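Trainee: Give me a 3D structure for the following:
(2 chains)
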Protein chains: 2
Amino acid sequence: MLLSTFLPFLAAFSGALAANAPTTCRPASFIPDADDNTVPRRFGFLLYRATDPLDFLGPSEVLFTLGRFAHVDLFYIAETLDLVSTELVPPATNPYNSTVWTTIAPTHTYDNPPPGLDVLVIPGGPGARAPTPATLDFVRKTYPNLDYFMTVCTGAMIAARAGVLEGKNATTNRAAWLAVKATGPNTNWIGDERWVVDGNIWTSSGVAAGIDAMVAFIACFWGETLTNKTLLAMEYFRHPDPTNDPFAVWPNGTYKYI
Amino acid sequence: MLLSTFLPFLAAFSGALAANAPTTCRPASFIPDADDNTVPRRFGFLLYRATDPLDFLGPSEVLFTLGRFAHVDLFYIAETLDLVSTELVPPATNPYNSTVWTTIAPTHTYDNPPPGLDVLVIPGGPGARAPTPATLDFVRKTYPNLDYFMTVCTGAMIAARAGVLEGKNATTNRAAWLAVKATGPNTNWIGDERWVVDGNIWTSSGVAAGIDAMVAFIACFWGETLTNKTLLAMEYFRHPDPTNDPFAVWPNGTYKYI
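Mentor: Numbering: from 1, shown residues only, chains lettered A, B, ... in the order given. From the prediction side, this is the model:
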């Protein structure tokens, strides 16, 4: 829950962390009480046509699993409540005419979002190249009321177009590096870290990197005890060091190590 | 496509690979032609209430991504076409009253499955502990007509109850080790490999291990070139060695290294 919910004029000027949301990581030994209202518990994922499925379902799984050990709420927010497909469109993204997508039900709409959202996560995918005006408006309006903001993969394109990454350090998908950079000319794009943190903004590189960014986010604000329980239940090999990135790119978008 | 589609009586006795489906891995240099009918292209995922979302959406993502570089078809098969929720039920699985699930649309039903399925993947999750008779019947009837069969996590419970793992080497989720073992008393349960291959049956340990098993499966039957393109597009750190498993368990279900 956010102070800024009650003081929207303040949020508009500050950009703006709730007064009780920590800006730096907790000690590794931190274990939140069941009613600790300083930990981010309410996560919204933006859903739109032609997202990459793991972009939102990878980080979602970290929260799904954490939610077995502590109270967590996860929402999927879209323009309408219609089912959202991760289909490969436009057709140029599907040259072999595969049928490989997933269809997901949103829980909320831009016009009726979940109250008191602590974190908004923007996934990427082919659809991130052509966000609707309603999507950009929602991101623009929602960001000032959040404690934290995260993008996965080319979700950074949507954040950049909405102005959220203006003057910030950020990263994104390596395979779409130059295209994303073009959407944020005033962003300092970092090509050799798997995820980047600047204030309350967390950005991750492509697809699976979103899982590692969310694990790092939970480790930062929920402490190592619950993070390790989550990783054990997921049987997930953790990548704790963002600078260990075999997919790193040079500023011109060519791969450093591949 | 399967020889056994045309010779169901043979499949019933043989258990049974199609005549053209390889039983051992291709050379690393193998690159299938666009119309190569020996590579597994048609994948079905079983969907049921209270699956673990990453159990099916992790391996799905590998196929979603491969499908951008070659023709692949992916289907979600459930008892009906109603939306399927990964909600944490029964309530004992959700002690903190979290709302963290995803709702997915199946593409096919048990009564009207996709024709010519090459691979069936059974995810795990709380719902795997109480499969419906229709689910067990579908697995029992479908297995003899497949080229390959895969379980993720406690999906092995459903396979064991359906009789598919009888006399086989297999693995499963470490956190549910003893409960799964009890469903397959005549299966040789291997607790220190992230995934296990026995003939045309691939079984993986918990949740995220399903991604590594599917990457290994694709590497085995599609060769390294397309696998590496897939991993690069996913920005996924590969775990190529199934014996490298920090979550390994002893036969009594206690962790070896944790």
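Trainee: where does the stretch 1-150 of chain A dip in pLDDT?
Mentor: Scanning the stretch 1-150 of chain A for pLDDT under 70 picks out A:1-19.
Trainee: tell me which parts of it are close to chain B?
Mentor: Applying CB under 8 Å from any CB of the partner chain, one finds that the stretch 1-150 of chain A approaches chain B through A:34, A:52-54, A:57-58, A:60-61, A:63-76, A:83, A:86, A:88, A:93-105. Where C-beta positions appear, they are placed from N, C-alpha and C, glycine not excepted.
Trainee: If we use 7 Å, what do you get?
Mentor: By CB under 7 Å from any CB of the partner chain, the part of the stretch 1-150 of chain A that sits against chain B consists of A:53-54, A:57, A:60-61, A:63-64, A:67-68, A:70-74, A:83, A:88, A:93-94, A:96-105.
Trainee: Can you pick out the ones from those residues that are in helices?
Mentor: When DSSP state H defines the helices, the subset of the residues of the stretch 1-150 of chain A next to chain B inside them is A:P53, A:L54, A:L57, A:S60, A:E61, A:L63, A:F64.
Trainee: Can I have the buried ones of the residues of the stretch 1-150 of chain A next to chain B as a PyMOL selection?
Mentor: Of those, the buried ones go into a single PyMOL selection, burial set by 16 or more other CB atoms under 10 Å in any protein chain shown:
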select buried, chain A and resi 53+54+57+60+61+63+64+67+68+70+71+72+73+74+88+94+98+99+100+101+102+103+104+105
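Trainee: What about the residues of the stretch 1-150 of chain A next to chain B, which are in strands?
Mentor: Among those, DSSP state E puts A:D73, A:L74, A:T103, A:I104 in strands.
Trainee: what bridges to the last one?
Mentor: In other words, A:I104. A:V84, B:I104 (DSSP bridges).
Trainee: Contacts only, for it.
Mentor: When contacts are counted by CB atoms under 7 Å, 6 or more residues apart in numbering or on different chains, A:I104 touches A:L47, A:Y76, A:L83, A:V84, B:T102, B:T103, B:I104.
Trainee: What distance do you get for it to A:N188?
Mentor: Using CB to CB, to the nearest Å, we find A:I104 at a distance of 33 Å from A:N188.
Trainee: The first one too?
Mentor: Using CB to CB, we find A:D73 at a distance of 33 Å from A:N188.
Trainee: What count of nearby residues applies to A:N169?
Mentor: 16 (other CB atoms under 10 Å in any protein chain shown).
Trainee: got the contact list for it?
Mentor: Here A:N169 is in contact with A:N188, A:I190, A:V196, A:D198 (criterion: CB under 7 Å, 6+ apart).
Trainee: measure the residue nearest to the first one when sequence neighbours are not counted to chain B for me?
Mentor: Sequence neighbours aside, A:N169 is the residue nearest to A:N188 in space, at 4.8 Å (criterion: CB to CB, 6 or more residues apart in numbering or on different chains). Distance from A:N169 to chain B, counting by CB to the nearest CB, to the nearest Å: 19 Å.
Trainee: Could you pull out the strands in chain A for me?
Mentor: A:42-46, A:73-78, A:84-85, A:103-104, A:108-109, A:119-122, A:148-152, A:169-170, A:188-189, A:195-198, A:201-204.
Trainee: could the ones you listed be laid out in JSON lines, adding distance to B:A176?
Mentor: What follows is those, written out as JSON lines (distance: least, CB to CB, whole Å):
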{"stretch": "strand A:42-46", "distance to B:A176": "26"}
{"stretch": "strand A:73-78", "distance to B:A176": "23"}
{"stretch": "strand A:84-85", "distance to B:A176": "31"}
{"stretch": "strand A:103-104", "distance to B:A176": "26"}
{"stretch": "strand A:108-109", "distance to B:A176": "33"}
{"stretch": "strand A:119-122", "distance to B:A176": "29"}
{"stretch": "strand A:148-152", "distance to B:A176": "29"}
{"stretch": "strand A:169-170", "distance to B:A176": "39"}
{"stretch": "strand A:188-189", "distance to B:A176": "43"}
{"stretch": "strand A:195-198", "distance to B:A176": "31"}
{"stretch": "strand A:201-204", "distance to B:A176": "30"}
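Trainee: need the residues of the stretch 151-258 of chain A near chain B, please.
Mentor: Near chain B, when you scan the stretch 151-258 of chain A using CB under 7 Å from any CB, you find A:174-175, A:205-209, A:232-237, A:239, A:247, A:258.
Trainee: is it true that A:I122 touches A:M157?
Mentor: No: A:I122 is beyond contact range of A:M157, at 8.9 Å (criterion: CB atoms under 7 Å).
Trainee: I'd like the ones in strands among the residues of the stretch 1-150 of chain A next to chain B laid out as CSV, including distance to A:A213.
Mentor: As requested, these are exported to CSV (distance: CB to CB, whole Å):
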residue, distance to A:A213
A:D73, 20
A:L74, 16
A:T103, 25
A:I104, 20
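Trainee: Tell me the one of those nearest A:F43?
Mentor: Closest approach between those and A:F43, by CB to CB: A:L74, at 5.1 Å.
Trainee: which non-adjacent residue is nearest that closest one?
Mentor: Closest to A:L74 by CB to CB, 6+ apart is B:V100, at 4.4 Å.
Trainee: And for A:S204?
Mentor: Looking at A:S204 with CB to CB, 6+ apart, the closest residue is A:A213, at 3.7 Å.
Trainee: and the one you found, how many neighbours does it have?
Mentor: Neighbour number of A:A213 under other CB under 10 Å is 28.
Trainee: For it, give its distance to chain B.
Mentor: Distance from A:A213 to chain B, by CB to the nearest CB: 11 Å.
Trainee: Same check on A:T151?
Mentor: For A:T151, the distance to chain B - CB to the nearest CB - is 14 Å.
Trainee: which residues pair with that residue across the strands?
Mentor: A:I122, A:T203.
Trainee: Would you agree it is in contact with A:I201?
Mentor: No: with contact defined as CB under 7 Å, A:T151 does not count as touching A:I201 (8.0 Å).
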